[in-house]
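**Student:** quick one, structure for this:
(one chain, ligands or ions: 1)
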Amino acid sequence: MAETILELRNLCKSFGALKATDDVSLDLRVGEIHALIGPNGAGKSTLIHQIAGTLTPDTGTIEFLGRPISQLGVAERARLGLGRSFQVSSLASEFSALRNVMLAVQSRQGSSFRFFKPVMRDRSLVEPAMAALARVGLKDRADIPAAELSHGERRQLEIAIALALGSRAFLLDEPMAGMGPEGSRQFTGFLDALRQEAPILLVEHDMDAVFALADRISVLVYGRIIASGTVEEIRHNPEVRRAYLGDPQ
Ligand SMILES: Nc1ncnc2c1ncn2[C@@H]1O[C@H](COP(=O)(O)OP(=O)(O)OP(=O)(O)O)[C@@H](O)[C@H]1O
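**Tutor:** Numbering: from 1, shown residues only. Here you go, the predicted model:
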């Protein structure tokens, strides 16, 4: 079985009387896309926030790369390699795609004293930044300002930045939101390849994308995982069909 990179065990989180996360256990393995689906208000975002560190679970444990991370802050988790979701865009829109990634490489190298060297000719920044752009398929778009990239390309650029910062796994909360059908189709192809770079825990309402991409799916309803399995297992699970996929019976 593939190596587990992220593991949640018996996670619980309540808001007053509401159990938004109710004894959730799941894992993410190297090379896979694990999709988290469920109706509105099921607790998907609440779960992602607890993994990213913006919410603290009441009980339960989260391990990343074999290390307990529940007590760590957002920045520390990111430093360990937990890639952020798209809640806040970190792009400098007037800078080129390349320059955006170079800023990330520079911050990772921790070197800000470069007064004597024109930044855009600094090979120690340009080469790793170009490599990260190539990993997300944006090598040919390196000179385009971030503001002129398509919605999907900006997300690819954010992922290139995360890879340049050392991300080992991605938490993606509705990455297709706001994309048209063509954009979603292209981005689906992109995510399909991205799983080889780093595994993805994917929250997504676009069921075509989820069924096309997921190695495993977990279904959350009222904070609980009611089923977990392959696409075929989830498609044919009667409880899932009743609770989420709109089976009339
Ligand atoms: N900070 C909060 N305080 C109180 N209740 C909250 C808070 N955040 C979320 N909730 C509640 O927790 C439940 C789960 O919300 P959450 O946003 O995690 O669901 P979701 O599955 O991501 O929904 P959607 O698919 O609509 O994004 C909802 O009933 C929501 O109203």
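
**Student:** state the distance from Ser96 to Ser107.
**Tutor:** Between Ser96 and Ser107 the distance is 17 Å, computed by C-beta to C-beta, to the nearest Å. (Each C-beta comes from the backbone N, C-alpha and C, glycine too.)

**Student:** looking at those two, which one has more neighbours?
**Tutor:** More neighbours sit around Ser96 than around the other of Ser96 and Ser107, counting by other C-beta atoms under 10 Å; the figures are 19 against 13.

**Student:** which SS class is the nearest residue to that one once chain neighbours are set aside?
**Tutor:** In space, Ser96 comes closest to Asp143 once its chain neighbours are excluded; the distance is 5.2 Å by C-beta to C-beta, 6 or more residues apart in numbering. On the three-state scheme (DSSP: H, G, I helix; E, B strand; the rest coil), Asp143 is labelled coil.

**Student:** how about Asp143, what does it touch?
**Tutor:** Contacts for Asp143 (C-beta atoms under 8 Å, 6 or more residues apart in numbering) come out as Ser96, Ala97, Leu98.

**Student:** and of the residues you listed, the nearest to the ligand?
**Tutor:** Each of the contacts of Asp143 was scored against the ligand by C-beta to the nearest ligand atom, and Ala97 proved nearest at 29.3 Å.

**Student:** just for the chain, where's the confidence low?
**Tutor:** The chain contains residues with pLDDT under 70 at 1, 85-89, 111-119, 246-249.

**Student:** how is it divided into domains?
**Tutor:** Split into domains by automatic domain parsing, the chain comes to 1-81+168-249, 87-166.

**Student:** could I get those as a markdown table with distance to the ligand?
**Tutor:** A markdown table is the format used below for those (distance: least, C-beta to the nearest ligand atom, whole Å):
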| stretch | distance to the ligand |
| --- | --- |
| domain 1-81+168-249 | 3 |
| domain 87-166 | 12 |
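
**Student:** distance from the helix or strand hosting Glu7 to the middle of the chain?
**Tutor:** If you go by DSSP states H and E, Glu7 is part of strand 4-15. From the chain centre to the centre of strand 4-15 is a distance of 16 Å (C-alpha atoms, centre = their mean, to the nearest Å).

**Student:** buried ones in it, by neighbour count?
**Tutor:** By neighbour count on 16 or more other C-beta atoms under 10 Å, the buried set for strand 4-15 is Ile5, Leu6, Glu7, Leu8, Leu11, Cys12, Lys13.

**Student:** export the following helix or strand past it to PDB, keeping only CA atoms.
**Tutor:** In the C-terminal direction, the helix or strand that comes right after strand 4-15 (DSSP H and E) is strand 18-29. These are the backbone C-alpha positions of strand 18-29, laid out as PDB (Å, rounded to 0.1, in the frame of the first residue of the first chain):
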ATOM      1  CA  LEU A  18     -23.500  21.800  16.300                       C
ATOM      2  CA  LYS A  19     -21.000  18.900  15.600                       C
ATOM      3  CA  ALA A  20     -19.400  20.200  12.400                       C
ATOM      4  CA  THR A  21     -16.700  17.400  12.500                       C
ATOM      5  CA  ASP A  22     -17.900  14.200  14.200                       C
ATOM      6  CA  ASP A  23     -15.300  11.500  14.700                       C
ATOM      7  CA  VAL A  24     -13.600  11.900  11.300                       C
ATOM      8  CA  SER A  25     -10.700   9.600  10.400                       C
ATOM      9  CA  LEU A  26      -9.100   9.600   7.000                       C
ATOM     10  CA  ASP A  27      -5.800   9.600   5.300                       C
ATOM     11  CA  LEU A  28      -4.000  10.800   2.200                       C
ATOM     12  CA  ARG A  29      -1.400   8.600   0.400                       C
END
